[in-house]
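>>> pasted the sequence and its predicted model underneath.
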Amino acid sequence: MNSRLIRERLYETTKPFDFRLSDGTRVTVAHPDFMAMIPGQIIVAEKSGRIHRIEPLHVVAVEDGPPGKAKAKANGKRSR
């Protein structure tokens, strides 16, 4: 996948998204603050501290993150 397209997605939203890689692996980006791009590599950190180093050429898709998590409503209460 083109690095420019990945960078656009990074700055497009603060919602979680997944990288789908050429070997079928999915790497979740919980928030753009957990990701960095340097020439030839994407670095993704998990909340647990685990680090993923990905070559942009192995990214076949960028997809919305997993659905079904409770989201906060405007009044501060979580939906069910």
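Alright, I've got the coordinates.
>>> show me where this protein has strands.
All strands of the chain, identified by DSSP state E, fall at 17-21, 26-29, 35-38, 41-45, 51-54, 59-64.
>>> tell me where this structure is predicted with low confidence.
Counting by pLDDT under 70, the chain contains low-confidence ranges at 66-80.
>>> can you lay out the strands of the chain as JSON lines showing distance to Glu8?
Backbone N, C-alpha and C define where each C-beta goes, glycine included. Shown next, in JSON lines, are these (distance: least, Cβ to Cβ, whole Å):
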{"stretch": "strand 17-21", "distance to Glu8": "12"}
{"stretch": "strand 26-29", "distance to Glu8": "14"}
{"stretch": "strand 35-38", "distance to Glu8": "11"}
{"stretch": "strand 41-45", "distance to Glu8": "13"}
{"stretch": "strand 51-54", "distance to Glu8": "17"}
{"stretch": "strand 59-64", "distance to Glu8": "9"}
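>>> who wins for proximity to Met1 among the ones you listed?
strand 59-64 (4.2 Å; Cβ to Cβ).
>>> list the helices and strands the closest one packs on?
Secondary-structure packing of strand 59-64 (3 or more Cβ pairs under 8 Å, 6 or more residues apart in numbering; DSSP states H and E): helix 3-12, strand 17-21.
>>> how about the residue nearest the centre of the chain, what does it touch?
Nearest residue to the geometric centre of the chain (Cα atoms, centre = their mean): Val29, 2.7 Å. By Cβ atoms under 8 Å, 6 or more residues apart in numbering, the contact list for Val29 reads Pro16, Phe17, Asp18, Phe19, Met35, Val44, Gly65.
>>> quick check: the gap between the last one and Arg50.
The span separating Gly65 from Arg50 equals 17 Å under the rule Cβ to Cβ, to the nearest Å.
>>> higher neighbour count, these two?
Between Gly65 and Arg50, counting by other Cβ atoms under 10 Å, Gly65 is the more crowded of the two (15 against 8).
>>> is it true that that one touches Phe19?
No: here Gly65 lies out of contact with Phe19, judged by Cβ atoms under 8 Å, at a distance of 10.7 Å.
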